[in-house]
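Visitor: with the sequence up front, the predicted model follows.
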Amino acid sequence: MTETKSLLTTPLKPESGARPRSAFLLAGGLAERLRPLSDRIPKCLAPIGDVPLLEIWLDLCAQHGVERALINVSRHAEQVEAFLERRKHPVNVRLVRENEPQGNAGTVRKNRDFVAEDQNFYILYTDNLTDASLTRLAECHGRHGAPLTMGLFHTPAPKASGIVQMCEDGLITAFEEKPESPRSDLANAGIYVARQALFDVIPDAGPIVDFGRDVFPALVGRMYGGVIEEYLMDIGNPAALTLAAAQWADRKATLMQGEADL
């Protein structure tokens, strides 16, 4: 695989007043790969040790200056409501119930009003576990005027991911969802910073609209990428969830020890 320089390693100067304050935390879908756990609880409340995944996401958002989040849920919405009522948090949450599947891009399109006053905003897939620097990706986004910046990671299984090719300056020149013959190992991390111009690219046709299938191919040559160096893992199935929980505990212990040694 060819090495690609990350925009996130370059000194960045974000545009004035452009820091994202709002985020879509996408938690819809039936989570069929996570069964039988998802038959009992929503995937966004999957436990990482004794901490629900959604709590980790809300903490991450708060850490990086997010003030408002929209969370969509398809199953077990009452459990998410109860979780939010119990938990006091600086992030103001709007919970949206979806009785019919919308697709990830469909949810963003349908709730455009939520970010109507935002120059930039985050779109985050909550079936990932990560401590990625949202701020650094937002700074990366501030270097250009394109509709979207995509967080990327080097995947060991490129056939199972949305794969990009990227220029030295971060411009994404190719995108293919789950390619049979991958030309790169740079994969879509499900972490984006977007501008209002993104809504011009999300199609209105069809009840289910997906970013990987319906939006990103149309943005090739008009979106940028930045490689995330922090921990990131898809917890979409029980085995991955178990592994991620163990790795997360080890990572947190290592980080805490490093802080104690300073």
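Guide: Okay, I see it.
Visitor: ramachandran angles for M166?
Guide: phi -140, psi 140 (degrees, to the nearest 10).
Visitor: ok, what's across the strand from it?
Guide: I172 (DSSP bridges).
Visitor: count the neighbours of it for me.
Guide: By the measure other C-beta atoms under 10 Å, the count of residues near M166 is 25. Glycine gets a C-beta too; all of them are placed from N, C-alpha and C.
Visitor: please apply the same query to C44.
Guide: 24.
Visitor: identify the residues contacting the closest residue to it other than its chain neighbours.
Guide: Nearest residue to C44 in three dimensions, chain neighbours excluded: A27, at 3.9 Å (C-beta to C-beta, 6 or more residues apart in numbering). Listed by C-beta atoms under 8 Å, 6 or more residues apart in numbering, the contact partners of A27 are 42-44, 54, 71-73, 80, 126-127.
Visitor: for these, which one is nearest V220?
Guide: D127 (24.6 Å; C-beta to C-beta).
Visitor: on the pLDDT front, check the closest one for me.
Guide: Looking at D127, its pLDDT is 89.
Visitor: picking that back up, go through the contacts of A27 and say which is closest to E180.
Guide: Distance to E180 across the contacts of A27 (C-beta to C-beta) is lowest for D127, with 23.7 Å.
Visitor: tell me the contacts of that closest one?
Guide: 27, 29, 31, 43-44, 53, 190, 234-236.
Visitor: show me the longest strand that occurs in the protein.
Guide: The longest strand of the chain (DSSP state E) is strand 186-195.
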